[in-house]
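Undergrad: build the 3D model from these lines:
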Amino acid sequence: MPNPILPLWEYIPDGEPRVFGDRVYLYGSHDRTAGDAFCDYKLKVWSAPLNNLNEWQCHGDSFRTRPGEKRPSDTPWTDHCLYAPDVVEKDGKYYLYAYIVGAKGAVGVSDRPEGPFRLLSQYRYTDEVGDDGIFNDAGVLVDTDGKVYVYYGFEHSCMNELDPSTMCDVIPGTLQKSVIEDGEDVPKERRFFEASSPRKIGDTYYLIYSPRRGSRLAYATSSSPRGPFTYRGYIIDNGVDYPAGNDHGSIACLNGQWYVFYHRMTNHSIMSRRACVEKINILPDGTIPPVEMTSLGFEDALNPYQITPAEIACVLKGGCFITEKDLMTRVITEITDGCVMGYKYFDFGQDHTGDGLTLALQVRGMGVRCKVRVRLDDPEQGPEIGLCDIGTGDGICRMKTAPVTGRHALYLIAENRTDSWTGQFFTGRKLFELQSFVFLK
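TA: Residues are numbered from 1 along each chain as shown. The predicted structure is shown next:
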């Protein structure tokens, strides 16, 4: 499954991946199509079998702050939006930690990892906690010794220990503040902002989080679950050559391969966010080298001879963006002169293609004749393999390309009509919308 990894009509940001049994579960917020605010009043759970990471299944609503879908509200004290949950297993039970914006956080419990979760309690505490008891973006760690830790906070990182017998009572005297550096003298790319997600790998404790430079996922490590955690670097930046926004996610080991789960934006908004993954490596010294955004998801390579939906682009430059036309249709829109649409990576194979290939683009015309320049590997300096004429209406535009073999990034660069004096009248005008494309031998 390429990025985004869930069906393209589903918007699940803030993803927390957890492996339970022979399946990986993705717990996250739920965005609404072209919403004007973050998140929703419900949480949904998706999962896939570890032996087929392309077969994602929706388990429906798992928790709600407002009634709906034949289910009452789970939170009688508030009807505010649900943000960024986490789920852990303890003694055969599954515990959901729900962040509710502007209200006290909640803990739910279920006999099944997919839920639905019934309300167990609000967080209970008799001593000091951080974040006014809201427990912003709570991430939970059940350590190998059975102790339980909750990490949370907005602009300031906090940690408390939970009573493992109840999973919702905060143990008095356990508050740790600034478990990650967050002072004004700390560079913004390191300073804690939100999105705490703890993991233990070997004897090392990791805390993945969103720094003040909000399009990145950073990580810090410690030899103790109580910290302090030392900044080690960032894992991914969802704003490199792409419409940027906040990021929130975590890491998981699936079938011996580590992945980072994160989200990207659509609909010319920072709200309509969709789940993505990239392969990562954890080096012997515990560091995680940064990875780039790709279109790959769980795939090793994209197949250029199968239809590629435009919306899996991982590079969008010049003001173009992905938008939802209807439940079944998503396009790249607002394409003007100089816009770049990039896809990483296609494997064209090693067969010699003779006179070349045919590239077919499915477009929605805007009444303007224009061109698409096709390059490999780099949008400015990479080898050009063809130039496609785009007509004024809807349909399929074809072009012959140079022979291509091997593995390459592919870039489509939109160009205004510049071969006659009429080109000046189309400056800044929308040229077309891209729906899909395919290479033909």
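Undergrad: low-confidence ranges in the stretch 251-400 of the chain?
TA: Residues of the stretch 251-400 of the chain that meet the criterion pLDDT under 70 lie in 352-353.
Undergrad: please, where are all the strands along it?
TA: For the stretch 251-400 of the chain, applying DSSP state E, counting those that start in this stretch gives strands covering 257-266, 272-280, 308-309, 315-317, 321-326, 329-335, 340-347, 358-365, 370-376, 384-390, 395-400.
Undergrad: repeat that for the stretch 1-150 of the chain.
TA: 16-20, 23-28, 42-49, 57-64, 82-90, 93-100, 106-110, 118-122, 139-142, 148-152.
Undergrad: kindly compare burial across those and name the winner.
TA: By mean neighbour count, with neighbours taken as mean count of other Cβ atoms under 10 Å, strand 148-152 ranks first of those at a mean of 26. Glycine gets a C-beta too; all of them are placed from N, C-alpha and C.
Undergrad: which element follows it toward the C-terminus?
TA: Remark: after strand 148-152, the chain's next helix or strand is strand 158-162, criterion DSSP states H and E.
Undergrad: gap between that following strand and the chain center?
TA: Counting by Cα atoms, centre = their mean, to the nearest Å, strand 158-162 is centred 26 Å from the centre of its parent chain.
Undergrad: okay, now the domains of this structure?
TA: By the assignment in automatic domain parsing, the chain contains the domains 16-280, 308-440.
Undergrad: any idea which of those is most buried?
TA: By mean count of other Cβ under 10 Å, the domains of the chain have domain 16-280 as the most buried, with a mean of 19.
Undergrad: on that earlier part again, which of the strands of the stretch 251-400 of the chain sits closest to Val240?
TA: Evaluated over these, closeness to Val240 peaks at strand 315-317, with 8.4 Å, by Cβ to Cβ.
Undergrad: got the contact list for the closest one?
TA: The contact list for strand 315-317 (Cβ atoms under 8 Å, 6 or more residues apart in numbering) reads 241-243, 293, 322, 332, 339-344, 379, 411.
Undergrad: so which of the strands of the stretch 251-400 of the chain comes closest to Asn3?
TA: Asn3 lies closest, by Cβ to Cβ, to one member of the strands of the stretch 251-400 of the chain: strand 272-280, at 4.1 Å.
Undergrad: mind exporting the closest one as PDB, just the C-alpha atoms?
TA: Extracted C-alpha coordinates of strand 272-280, given in PDB (Å, rounded to 0.1, in the frame of the first residue of the first chain):
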ATOM      1  CA  SER A 272      -7.400  17.200   6.500                       C
ATOM      2  CA  ARG A 273      -4.500  14.900   7.400                       C
ATOM      3  CA  ARG A 274      -3.800  11.300   6.200                       C
ATOM      4  CA  ALA A 275      -1.700   8.500   7.600                       C
ATOM      5  CA  CYS A 276       1.600   7.700   6.000                       C
ATOM      6  CA  VAL A 277       4.700   5.500   6.800                       C
ATOM      7  CA  GLU A 278       8.300   5.300   5.900                       C
ATOM      8  CA  LYS A 279      11.000   2.700   6.600                       C
ATOM      9  CA  ILE A 280      13.600   3.700   9.100                       C
END
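Undergrad: gap between it and the chain center?
TA: Taking mean C-alpha positions (Cα atoms, centre = their mean), strand 272-280 and its chain are 3 Å apart.
Undergrad: what lines up beside it in the sheet?
TA: Strands adjacent to strand 272-280 in the sheet, as given by DSSP bridges, are strand 257-266 (antiparallel).
Undergrad: how far out from the middle of the chain is the partner strand?
TA: 4 Å.
Undergrad: quick one: that strand to strand 16-20, angle?
TA: On the basis of axes from the mean of the first three to the mean of the last three Cα atoms, to 10 degrees, strand 257-266 is oriented at 140 degrees to strand 16-20.
Undergrad: so strand 257-266 versus strand 329-335, what angle?
TA: Using the same axes, to 10 degrees: strand 257-266 against strand 329-335 is 60 degrees.
Undergrad: quick revisit: let's have the strands of the stretch 1-150 of the chain in a markdown table, adding mean pLDDT and distance to Cys370.
TA: What follows is the strands of the stretch 1-150 of the chain, written out as a markdown table (pLDDT from 0 to 100; distance: least, Cβ to Cβ, whole Å):
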| stretch | mean pLDDT | distance to Cys370 |
| --- | --- | --- |
| strand 16-20 | 98 | 41 |
| strand 23-28 | 97 | 38 |
| strand 42-49 | 97 | 39 |
| strand 57-64 | 95 | 39 |
| strand 82-90 | 96 | 42 |
| strand 93-100 | 97 | 46 |
| strand 106-110 | 97 | 52 |
| strand 118-122 | 96 | 56 |
| strand 139-142 | 98 | 47 |
| strand 148-152 | 98 | 50 |
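Undergrad: can I get those in TSV with distance to Leu207?
TA: Below are the strands of the stretch 1-150 of the chain laid out as TSV (distance: least, Cβ to Cβ, whole Å):
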stretch	distance to Leu207
strand 16-20	13
strand 23-28	18
strand 42-49	23
strand 57-64	24
strand 82-90	13
strand 93-100	15
strand 106-110	20
strand 118-122	24
strand 139-142	8
strand 148-152	6
